[in-house]
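[1] requesting a structural model of the entry that follows:
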Amino acid sequence: MPHLFHTLARWVALAALVGLTGCSLPRMIDSDVQSFAGAALPASNADFRFERLPSQQQNLGFQDTLESMAQEALERVGLNRNDTSGRYLAQVGLGVDNIRNPHYRPPRPRLVRGADGKLYEEWPVMPDIEVPWFRHRVHLTLRDSTTSQVAFETTAIFDGPWRDTLNLVPPMLEAALKDYPNPGNRRVVVELPAPGKENP
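    Residues are numbered from 1 along each chain as shown. Next up, the predicted model:
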């Protein structure tokens, strides 16, 4: 029985930590980034305008928010929005999937010796609890508006227990454009400040 209470306390503490971390503590968002450049490196000081796929026009409010976040990230690397004659056509997309928790370990029985001296399997009486895990994927492309050729393409993927997507997207976009316009594969860690403690 003491083992049961210890296990229960551990799961409760883990759930509380996930909730607390997602609400009041800074988080380190480690994104796996893959970026590619066209035949020539894209310009680091140029302007852009957004374009949308037909599927992205179904939820205009969400796409507006996503593009606003992408605009901030693009401006950090020297690109400025120009909806009239932007050199690059920028397209940003987001996907969220519920995936298997990589840290989950299914319960297993243990062998115990009964009063009759025989060995029996004893299964945990705790419920089989798996903390949900989510994969966020941000994809951004820049196409030359005169040739329609892709000048730059980048993807950032972050796996973790949090599903506050709109908080995760800005650090993921920052990671996706790390070292722009140079392409490459890398893991980029960006701090997501606690609410009310954003970096200046």
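[2] in the chain, mark out all the helices, start to finish.
    2-24, 60-76, 165-176 (DSSP state H).
[3] which of the ones you listed has the lowest average pLDDT?
    Ranked on mean pLDDT, the bottom entry among these is helix 2-24, at a mean of 46.
[4] how about low-confidence regions in this structure?
    For the chain, residues meeting the criterion pLDDT under 70 lie at 1-23, 107-110, 120-128, 197-200.
[5] need the outlier residue of the protein, farthest from its centre.
    For the chain, the residue at maximal distance from the C-alpha centroid (Cα atoms, centre = their mean) is D116, at 54.2 Å.
[6] thought F134 was touching R163, still the case?
    Yes: applying Cβ atoms under 8 Å as the test, R163 and F134 come out as touching, 5.1 Å apart. Quick note: C-beta positions are derived from backbone N, CA and C, even for glycine.
[7] give me the more crowded residue out of these two.
    Neighbour tally, R163 and F134, criterion other Cβ atoms under 10 Å: the higher count belongs to F134, 18 against 14.
[8] ok, V131 touching Y104?
    Yes: taking contact to mean Cβ under 8 Å, the distance of 7.3 Å between V131 and Y104 places them in contact.
[9] now W162: how far from I29?
    Using Cβ to Cβ, to the nearest Å, one gets 9 Å for the distance from W162 to I29.
[10] compare neighbour counts for the two and give me the winner.
    When neighbours are counted by other Cβ under 10 Å, I29 comes out ahead of the other of W162 and I29, with 23 against 20.
[11] got the contact list for S35?
    Counting by Cβ atoms under 8 Å, 6 or more residues apart in numbering, S35 makes contact with 152-155, 176, 179-180, 182-185.
[12] scratch that, M28 is what I was asking about
    Here M28 is in contact with 189-192 (criterion: Cβ under 8 Å, 6+ apart).
[13] now with 6 Å?
    Shown here is M28, whose contacts under the criterion Cβ atoms under 6 Å, 6 or more residues apart in numbering are 189, 191.
[14] what's the nearest residue to A46 if we skip its chain neighbours?
    R87 (4.7 Å; Cβ to Cβ, 6 or more residues apart in numbering).
[15] and P102, by the same measure?
    Ranked by Cβ to Cβ, 6+ apart and with sequence neighbours excluded, the top spatial neighbour of P102 is W133, at 7.0 Å.
[16] what is the neighbour count of that neighbour?
    As a burial measure, the neighbour count of W133 was computed by other Cβ under 10 Å and equals 18.
[17] how about the contacts made by it?
    Residues in contact with W133, defined by Cβ under 6 Å, 6+ apart, are 99, 101, 161.
[18] how about TSV for the residues you listed, with neighbour count and distance to E67 added?
    As requested, those are exported to TSV (neighbours: other Cβ atoms under 10 Å; distance: Cβ to Cβ, whole Å):
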residue	neighbour count	distance to E67
I99	10	26
N101	15	32
P161	17	27
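[19] from those, which land in strands?
    Those of the contacts of W133 mapping onto strands are I99, per DSSP state E.
[20] redo the contacts of W133 as CSV? Include distance to G78.
    Formatted as CSV, the contacts of W133 follow (distance: Cβ to Cβ, whole Å):
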residue, distance to G78
I99, 35
N101, 39
P161, 34
